[in-house]
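[1] Predicted coordinates and the sequence they were generated for:
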Amino acid sequence: MWFSIVKWIKFPYLWLRYGSPVKADETVVLFPQSAHIKAEVSIQENTAAKTHWVVPVHAWVVEKESGTFSRFFGRVSLLSFLDLIGVVNRRTSTPVFENRLSWFMADREMNKKVRVTAGDETFVSPRTGLNGHVRFDITYSGDAPPGSIIKCHLADLPEGKPPVHGKVQLVPEEGLSIISDIDDTIKISDVTDRRQLVRGLFFDKYKPAPGMPGFYQNLLEHGAMFHYISASPWQLYPSLEPFLEKYFPFGCLSQRHFYVGDRSFVDFFRSSMEYKIRTIEKLLQRYPKRKFILIGDSGEKDPEVYLQVARRHTEQIRKILIREVYSGTELRDFQHNKRWEKIKTELDAGQGFHVFHEPTDELITQIHDMIRQKKV
């Protein structure tokens with residue numbers, strides 16, 4: 001009896017101090033990342049230098065089983081919101097909708113610790129936060145060359161649970177990087193129409209923007225590496241992952257926090273400018289010797305975001321490409337064109353700015369010339 005009482009008293013202390021391992025009914029997602037060089041050191045005299053990479057890890061732990069009151073309440077709240085803005089229809093019973101909705105309704109598991117293996121070493125994470133996410137850095141010192149995509153995986157999972165892998169690209173100190181928006185840049189989303197945007201998020205299969213998969217593949221073949229930034233929530237990553245893998249080169253991904261029960265639910269429908277600027281500048285600081293091309297679209301504030309970043313980082317930003325999502329009279333409108341002229345005049349002379357509807361041979365040739373002349 002006394003042993004049971006002591007165990008009951010000690011449990012909260014142990015839970016708080018050591019965290020809780022992943023259980024069989026919980027799901028862990030490892031998001032794609034880009035590593036950077038930490039240092040090159042010689043392990044022993046007369047041996048080749050060993051490259052040490054800093055590998056960011058971003059894990060998300062949730063429980064997706066149904067039946068709890070919180071999930072029921074969350075589902076009702078989200079469906080009511082969708083109905084309020086006029087997007088709920090008979091498609092709410094489709095597998096696509098149910099799958100995407102399930103990630104929004106999943107319980108966020110706090111105080112979880114995960115064990116991640118990279119190369120020959122295993123690392124223990126800090127605790128997950130209230131949102132079920134945890135971010136931390138580990139070190140990789142394997143033999144994979146720069147530019148490689150390596151896999152890390154979760155260690156010590158419960159018996160019978162399928163393996164969980166995450167991909168990381170080893171990005172060299174120098175070279176060309178593409179920072180790309182997703183919605184209406186490489187994926188048709190109709191961001192300017194809130195109703196259509198939400199329909200696309202929850203109901204529709206994702207479609208690539210015309211010409212963009214081939215354009216990005218061409219950039220990849222010329223040595224570019226990719227970093228994707230989306231204002232959509234992390235809960236959409238499981239459905240976004242197969243789309244990116246099918247059509248576009250691998251790259252790290254940044255998305256926003258979103259939860260029906262807190263302030264992020266409202267913030268999600270506000271401007272994403274601050275989030276994008278902050279995320280882009282972190283990448284520029286991580287890779288100070290690399291040159292960057294920023295690719296976005298005209299639907300919202302990508303041009304203004306990229307302009308602010310380019311002003312502060314004139315040596316790193318070599319070109320800004322904006323996919324024009326308007327057509328016809330909207331494209332010819334004077335005020336709309338004035339937007340581009342203002343941006344062009346404020347950019348440094350060495351930074352190109354190009355607006356396009358679909359990638360053309362002329363645009364691709366310009367990029368090739370920049371790479372060949374080592375301007376990027």
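    Yes, it's here.
[2] for K338, helix, strand, or coil?
    Using DSSP: H, G, I helix; E, B strand; the rest coil, the structure places K338 in helix.
[3] Check the one 3 residues further on too.
    Following three-state DSSP, we place E341 in the helix state.
[4] For it, give its distance to F353.
    As judged by Cβ to Cβ, to the nearest Å, E341 and F353 stand 10 Å apart. C-beta: built from backbone N, CA, C; applies to glycine.
[5] So if I had to pick from those two, which one is more boxed in?
    Using other Cβ atoms under 10 Å, the more surrounded residue of E341 and F353 is F353, with 19 against 9.
[6] what helix or strand is that one on?
    Using DSSP states H and E, the element containing F353 is strand 352-356.
[7] Next: G142.
    Short version, using DSSP H and E: G142 is in no helix or strand.
[8] Tell me how many other residues surround it.
    15.
[9] just L363 next, same as before
    16.
[10] so it touches H354, yeah?
    Yes - using Cβ atoms under 8 Å, L363 is in contact with H354, at 6.4 Å.
[11] Which neighbours do those two have in common?
    L321 (Cβ atoms under 8 Å, 6 or more residues apart in numbering).
[12] pLDDT weak spots in the stretch 51-200 of the chain?
    65-93, 191-200 (pLDDT under 70).
[13] which residues in it form helices?
    For the stretch 51-200 of the chain, the helices defined by DSSP state H, counting those that start in this stretch occupy 69-84, 95-105, 194-202.
[14] In terms of secondary structure, what does the second one contact?
    In this structure, helix 95-105 packs against helix 69-84, helix 194-202, helix 237-247, with contacts taken as 3 or more Cβ pairs under 8 Å, 6 or more residues apart in numbering; DSSP states H and E.
[15] Could you rerun that using 6 Å?
    Packing partners of helix 95-105 (3 or more Cβ pairs under 6 Å, 6 or more residues apart in numbering; DSSP states H and E): helix 69-84.
[16] out of everything not next to it in sequence, what's closest to P21?
    K113 (6.7 Å; Cβ to Cβ, 6 or more residues apart in numbering).
[17] number of nearby residues for the one you found?
    When neighbours are defined as other Cβ under 10 Å, K113 has 17 of them.
[18] do V116 as well
    22.
[19] One more: the one 5 residues further on?
    Neighbour count of E121, defined by other Cβ under 10 Å: 12.
[20] Which residue ranges of the stretch 101-250 of the chain form strands?
    107-108, 115-118, 121-124, 133-140, 149-155, 165-170, 176-181, 225-233 (DSSP state E, counting those that start in this stretch).
[21] Which among those is found nearest to R312?
    strand 176-181 (14.1 Å; Cβ to Cβ).
[22] Can you name the residues in contact with that closest one?
    Residues outside strand 176-181 that contact it (Cβ atoms under 6 Å, 6 or more residues apart in numbering) are 223-229, 280, 290-296, 302, 376.
[23] quick check: angle from it to strand 225-233?
    Note on geometry: by axes from the mean of the first three to the mean of the last three Cα atoms, to 10 degrees, strand 176-181 and strand 225-233 are set 10 degrees apart in direction.
[24] ok, and for strand 176-181, which residues are buried?
    L176, S177, I178, I179, S180, D181 (16 or more other Cβ atoms under 10 Å).
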